[in-house]
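Novice: Dropping a prediction and its sequence here:
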Amino acid sequence: MGWSTTDLTTRAGAPLAVYQPTAWLFAQFTRHVVFQGFTFSGGDDGQLYELYCSEGDDWHVKNLVSEAGGAEAATTANGYIWAHQGSQHVVYQGRQFDGHVHELWYTEDDGWNANDLTNAGHAPLTLSQPYGYETYYDGTQRVVYHARGGGHIHELSNSGNGWHDLDLTGATGAPACAPGVAATGYSFEDQRTAHVLTRTEAGHVIEFWADASGWHWGDLTAATGAPAASDSDLFHGYVFRGDGTQHVDYVGVDGHIHELWWRTDGWHHNDLTVAADAPAPTRTGTPVGYAFEAGLFQPVATQHVVYTGADGFVHELWWSTGAWHHNDIAARVGAPPAWSEPAAFVEVDLGTQNVFYLSDAHHIVELQWRP
């Protein structure tokens, strides 16, 4: 079938949206998208709404802040699952940038609930939007953020015995991150390692990584000789299990999308814009990469990087059997212009790719690829 587009705001009768959505896949192939609401008279409304779909394309909407009794949100949120406990989690900074890391969490037995992770972990206030992820190999949920004052990255972690705070910058002796820059994280399950990414003021991509011996840090820009990063707030990393590699995608000061990738012989660099002969991204964009591992509907594993182009539309870079290619998804399916960077995930068992973004009409749009 290839790519198709659906206006989820219209489909579900949802409120208008603002800022970048967050999205994840949960049990029984349920798709989830969370966004902040918007009105033309009042702007952002501080409420976090969830679009969820359990079967086919039957989408529904609910107000998570209201249901959980949680704090209102400042801007964007980040969602992830904690498979070890069978729960869903949304983390964000509170209204008027209160500096607290707030969490909305869901289990089938308890529904949606709220928690203040800053208070729970006795942690310093945050300057950035927090980012959550799970390391399944040790059953730990992790939330990373840029703490106020000093440019340090902190991690709040919970392995089932409560929340604990760790200053990753202080623990490793890493350089300070750039003012206002956030952190992201991902897990490399086959290596049993955790990874956190941020950027220095000089534009270097810094990685914190943890193994059985503790936390370490490395300068990926210096290690690879790659161009400095633009003034983007985020970098996203992912693992390509079929190839045993790690990948970090970012927009360079040259306006190209660059990839830093790791295999057992260390870190390497690739200019994906040149490799795929692709259109330029937005100068401060945050490309989102993911692996489409081999499965029933996908016999050959592929890699994908989706981004908002300088033309205002969503584009895809995809890799298969040694070469990168470009796909103008929006032009192919007639999707509307994007006012945010995309969020994306893969449903390997169903053989689909799912990309979500905020349109110029303040609607949440899904781009989906089916075999």
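Specialist: Received, thanks.

Novice: burial measure for Gly214, as a count.
Specialist: Look at Gly214: counted by other CB atoms under 10 Å, it has 8 neighbours. C-beta here means a position set from N, CA and C on the backbone, and glycine is covered the same way.

Novice: Is it bridged to anything, and to what?
Specialist: Here Gly214 sits in beta bridges with Asp211, going by DSSP bridges.

Novice: Ok, Gly185 next?
Specialist: Applying DSSP bridges, one finds that Gly185 bridges with Val196.

Novice: Settle this for me: His325 is touching His315, isn't it.
Specialist: No. The pair His325 / His315 is not scored as a contact, 11.1 Å apart, by CB atoms under 8 Å.

Novice: ranges for the strands of the stretch 101-250 of the chain?
Specialist: 101-107, 111-116, 131-135, 140-146, 153-158, 164-167, 184-188, 193-199, 205-211, 214-219, 236-240, 245-251 (DSSP state E, counting those that start in this stretch).

Novice: among those strands, which is nearest Ser41?
Specialist: Smallest distance to Ser41 across the strands of the stretch 101-250 of the chain (CB to CB): 25.6 Å, for strand 101-107.

Novice: circling back: now for His325 and His315: what residues contact both?
Specialist: Applying CB atoms under 8 Å, 6 or more residues apart in numbering, one finds that no residue jointly contacts His325 and His315.

Novice: So for these two, which residue has more residues nearby?
Specialist: His315 (26 against 14).

Novice: does that one sit in a helix or strand, and which one?
Specialist: strand 314-320 (DSSP states H and E).

Novice: What residues of that strand count as buried?
Specialist: Residues of strand 314-320 classed as buried under the neighbour-count rule (16 or more other CB atoms under 10 Å) are 314-319.

Novice: what does the lengthiest strand in the chain rub up against?
Specialist: Looking across the chain with DSSP state E, the single longest strand is strand 43-53. Strand 43-53 is contacted by residues 8, 12, 14-15, 17-19, 30-39, 59-66, 70, 72-75, 77, 90, 92, 95, 104, 364 when judged by CB under 8 Å, 6+ apart.

Novice: Mind giving me the PyMOL command for buried ones among those?
Specialist: The PyMOL command for the buried members of those (criterion: 16+ other CB under 10 Å) is given here:
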select buried, resi 8+12+14+15+17+18+19+31+32+33+34+35+36+37+38+59+61+64+65+70+72+73+74+77+90+92+95+104+364
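
Novice: one step back: can you redo the buried residues of strand 314-320 as a markdown table with pLDDT and distance to Asn113?
Specialist: As requested, the buried residues of strand 314-320 are exported to a markdown table (pLDDT from 0 to 100; distance: CB to CB, whole Å):
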| residue | pLDDT | distance to Asn113 |
| --- | --- | --- |
| Val314 | 98 | 34 |
| His315 | 98 | 38 |
| Glu316 | 98 | 37 |
| Leu317 | 98 | 39 |
| Trp318 | 97 | 39 |
| Trp319 | 96 | 40 |
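
Novice: Can you lay out those as a markdown table showing distance to Leu220?
Specialist: Formatted as a markdown table, those follow (distance: CB to CB, whole Å):
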| residue | distance to Leu220 |
| --- | --- |
| Val314 | 26 |
| His315 | 24 |
| Glu316 | 24 |
| Leu317 | 19 |
| Trp318 | 23 |
| Trp319 | 19 |
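
Novice: Quick check: the farthest pair among those residues?
Specialist: Val314 and Trp319 (17.7 Å).

Novice: contacting residues around Trp339?
Specialist: 357-360, 362.

Novice: quick check, nearest of these to Ala301?
Specialist: Closest approach to Ala301 among the contacts of Trp339 (CB to CB): Tyr357, at 24.8 Å.

Novice: give me the element that closest one is part of.
Specialist: According to DSSP H and E, Tyr357 maps onto strand 352-358.

Novice: quick one: contacts of that strand?
Specialist: Strand 352-358 has contacts (CB under 8 Å, 6+ apart) with 8, 17-21, 23, 25, 31, 33, 35, 290, 292, 304, 306, 308, 314, 316, 329, 338-347, 364-371.

Novice: and the residues you listed, which of them are in strands?
Specialist: Among the contacts of strand 352-358, DSSP E puts 17-21, 23, 25, 31, 33, 35, 290, 292, 304, 306, 308, 314, 316, 343-347, 364-370 in strands.

Novice: For the protein, identify the residue most remote from the centre.
Specialist: Taking CA atoms, centre = their mean, the residue of the chain most remote from its mean C-alpha position is Ser41, at 29.7 Å.

Novice: how big is the angle separating the helix or strand just after the longest strand of the chain from strand 364-370?
Specialist: Where DSSP H and E defines the elements, the next helix or strand beyond strand 43-53 is strand 59-63. Counting by axes from the mean of the first three to the mean of the last three CA atoms, to 10 degrees, strand 59-63 points 140 degrees away from the direction of strand 364-370.

Novice: now the helix or strand following strand 59-63: how far from the chain's centre is it?
Specialist: Sequence-wise, the next helix or strand downstream of strand 59-63 (DSSP H and E) is helix 64-68. Helix 64-68 has its C-alpha centroid displaced from the chain centroid by 22 Å (CA atoms, centre = their mean, to the nearest Å).

Novice: what about stretch 238-247, how long is it end to end?
Specialist: Terminal residues of stretch 238-247 are spaced 5 Å apart (CA to CA, to the nearest Å).
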